[in-house]
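>>> Show me the folded form of this:
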Amino acid sequence: MFDSPLAFAAALSLAAWLYLVFAHGRFWLADQRLDGTAPAPARWPDVVAVVPARDEADLVPRTVRALLDQVYGGRLRVLLVDDESDDGTADAARAVAKDHPNGARLEVTRTPPRPGGWVGKMWAVQTGVTAGSMGGTPEWWWLTDADVQHAPDTLARLVAKGEAERLDLVSLMVKLDRGRGWNALLVPAFVYFFQQLYPFPRVNDPRSAVAGAAGGCVLVRAEALARAGGIESLRGEVIDDCALGRAVKRGGNRIWLGLAEREASIRPYADLWEVWNMVARSAYTQLGHSPLLLAGTLAGLVLLYLVPVWAALAGDSSAAGYGLAAWLLQAVTFVPTLALYGRSPWLALALPAAGFLYAAMTFDSARRHWRNEGATWKGRAGAGAED
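You can find the predicted model right below:
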C-alpha cells in the first residue's frame with residue numbers, strides 16, 4: 001500500500017493530525033476565554049491574594065499596583081510573601097502601597113526556614129495561606145505570580161464566573177511576553193503545546209478526567225483546596241499548577257481554565273536561552289522522570305512535526321502528499337494561538353522548527369536530571385534542597 005517507509009511514516013503523521021484536529025478536545029481553537037458576561041453575585045465573597053515573590057524588585061511595583069487597583073465589591077487582602085529575596089522585593093512592594101489609596105490591602109510577610117521536601121514556591125504559598133487564615137479563612141484564595149499584571153476587573157470577572165457557575169477553581173493562562181527573534185515563534189508555540197497537553201475544553205468538562213491549571217492566575221475556593229489536601233499536598237510539586245488542578249478536580253469539584261487576553265506576565269524573554277531554560281527546568285518532571293515516556297515523547301514530536309516536512313521536501317512523490325497534508329493541518333491549528341499573540345498566520349508554517357526545538361529542550365531537561373542538576377529557579381534547587 002505504501003511505496004516507502006517514509007510514505008508510511010507520513011501517512012501515520014497525517015492520521016495523528018486528523019485525530020488531533022477532530023477528536024482531541026478542540027484544543028487548537030483557543031476559544032476558552034474569560035468574557036466577563038457572568039452576572040455579579042448577590043454578595044461579593046472575601047478573597048485573599050497570595051503572591052510568592054523571590055528577587056522581583058524590578059517587577060512588583062507594577063504587579064502589586066495592579067492588585068491594589070482591583071475594582072472589587074468585596075473584601076480583598078493582598079499578601080506578598082517575600083521568598084528569601086535579597087534585592088529589596090519587600091521594600092519595593094511596601095513603597096507602592098505607601099502612596100496608593102488601597103494600600104491598606106497589602107500585607108508583606110517573609111518565609112520562615114523551608115522544611116525538607118518543600119519546593120520553594122510551594123513553601124512561599126503555604127506561608128501566605130497560613131498568614132491569610134489569621135482571623136478567619138477567606139472564601140476564595142487568589143494565587144498569582146509576582147510577574148503577572150492583572151486588569152483592574154480581573155478579580156471581579158474571576159469571582160463572578162466562579163460563583164455563577166459554581167466552580168471550585170478558575171484559572172487563566174496569562175499572556176506571556178511576545179518575544180523577539182526565535183521567541184516570536186517559541187512563546188506562542190509554548191502556549192499551543194500546553195493547550196495540546198491539556199485541552200482546555202476537556203479540563204472544563206466535569207465529565208472528563210483531564211485536569212490542569214495555569215499558575216500565574218488561579219482562583220480556588222478555600223473549601224475545595226482544603227478537601228484536596230491543602231497546599232501541603234503539593235509541597236514537592238515542581239509543576240504545581242497542574243497538580244493543583246488535578247487535586248481539586250479529582251475530588252469531584254468543577255474547574256475552569258481559559259486563555260487571558262488582558263492579564264499578562266511582564267517578565268521579558270530576551271533570548272532563546274530564557275525560553276529554553278523555562279522548558280528544560282520542568283519538562284522531564286512532567287514525564288515523571290521516565291526514560292520510556294521520554295523516548296515516546298521524542299518519537300511523537302518527530303512523527304508529528306518533523307516527518308511531514310521531511311516527507312514534503314524529500315522528493316518522494318508517494319510521501320509528499322501525506323506530508324504536505326499533515327504540515328498544512330498543523331499550521332492551521334497553530335493560527336488561533338498566533339492570532340492571540342498578534343503574530344502573522346504565515347508563521348504557522350514554522351511550527352515544525354518549534355517542535356524540533358522543544359524536543360531538544362525536553363531531552364536537555366532529561367540530561368540535566370541525569371547529571372543531578374535538577375530543577376532550579378533563581379539559583380535554588382527544587383524539593384528537598386536546603387540551600
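>>> quick one, strands of the stretch 101-250 of the chain?
106-110, 140-144, 148-149, 169-175, 217-221 (DSSP state E, counting those that start in this stretch).
>>> Do you have the helices of the stretch 251-387 of the chain handy? List them.
Taking DSSP state H, counting those that start in this stretch, the helices of the stretch 251-387 of the chain run over residues 272-280, 283-286, 291-301, 307-313, 317-340, 351-370.
>>> Return the set of buried residues in the last one.
Buried residues in helix 351-370, counting neighbours by 16 or more other C-beta atoms under 10 Å, are found at 351-355, 357-359, 361-366, 368-369. In short, each C-beta sits where N, CA and C put it, glycine included.
>>> Now do that helix against helix 272-280, angle only.
If you take axes from the mean of the first three to the mean of the last three C-alpha atoms, to 10 degrees, helix 351-370 sits at 60 degrees to helix 272-280.
>>> Touching helix 351-370 from outside, list them.
182, 185-186, 189-190, 192-193, 276, 279-285, 287, 289, 291, 294, 297-298, 301-302, 304-306, 308-309, 327, 330-331, 334, 374 (C-beta atoms under 8 Å, 6 or more residues apart in numbering).
>>> Which strands or helices does the biggest strand by length in the chain pack on?
Longest strand in the chain by number of residues (criterion: DSSP state E): strand 255-265. Packing partners of strand 255-265 (3 or more C-beta pairs under 8 Å, 6 or more residues apart in numbering; DSSP states H and E): strand 148-149, helix 154-164, strand 169-175, helix 200-203, helix 240-250.
>>> sorry, back to before: what's the closest of the buried residues of helix 351-370 to residue 48?
Distance to residue 48 across the buried residues of helix 351-370 (C-beta to C-beta) is lowest for residue 365, with 34.0 Å.
>>> mind giving me the domain split of the chain?
5-25+276-369, 29-269 (automatic domain parsing).
>>> Make CSV out of those and add mean pLDDT.
Shown next, in CSV, are the domains of the chain (pLDDT from 0 to 100):
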stretch, mean pLDDT
domain 5-25+276-369, 95
domain 29-269, 95
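>>> residues touching residue 132, list them.
Residue 132 touches 48, 50, 77, 79, 138, 141, counting by C-beta under 8 Å, 6+ apart.
>>> From residue 300, how far out is the nearest residue to residue 275 once chain neighbours are set aside?
Closest residue to residue 275 apart from its sequence neighbours, by C-beta to C-beta, 6 or more residues apart in numbering: residue 186 at 4.8 Å. Residue 186 is 19 Å from residue 300, where distance means C-beta to C-beta, to the nearest Å.
>>> more neighbours, those two?
residue 186 (24 against 13; other C-beta atoms under 10 Å).
>>> so the more buried one sits right up against residue 179, yeah?
Yes. In this structure residue 186 lies within contact range of residue 179 using C-beta atoms under 8 Å: 6.7 Å.
>>> what's the overlap in contacts for these two?
Counting by C-beta under 8 Å, 6+ apart, the residues touching both residue 186 and residue 179 are residue 275.
>>> For PyMOL, what selects the buried ones among the contacts of helix 351-370?
In PyMOL, a selection of the buried entries from the contacts of helix 351-370 looks like this (16+ other C-beta under 10 Å):
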select buried, resi 182+185+186+189+190+192+193+276+279+280+281+282+283+284+285+287+294+297+301+302+304+305+306+308+309+327+330+331+334+374
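>>> Would you pull up how far stretch 211-220 lies from the middle of the chain?
Computed by C-alpha atoms, centre = their mean, to the nearest Å, the chain-centroid distance of stretch 211-220 equals 8 Å.
>>> End to end on it, go ahead and measure it.
Stretch 211-220 has an end-to-end distance of 14 Å (C-alpha to C-alpha, to the nearest Å).
>>> same thing with stretch 287-294?
End-to-end distance of stretch 287-294 (C-alpha to C-alpha): 7 Å.
>>> What of stretch 220-240?
Stretch 220-240: ends 14 Å apart by C-alpha to C-alpha.
>>> buried residues in it?
Quick answer for stretch 220-240 (16+ other C-beta under 10 Å): 220-222, 224-225, 227-228, 231, 234-235, 237-240.
>>> Leaving out the residues flanking it, which one is nearest to residue 18?
In space, residue 18 is closest to residue 329, 7.2 Å off (C-beta to C-beta, 6+ apart).
>>> burial measure for that neighbour, as a count.
Residue 329: 20 surrounding residues under other C-beta under 10 Å.
>>> Repeat that for residue 166.
Residue 166 - counted by other C-beta under 10 Å - has 9 other residues nearby.
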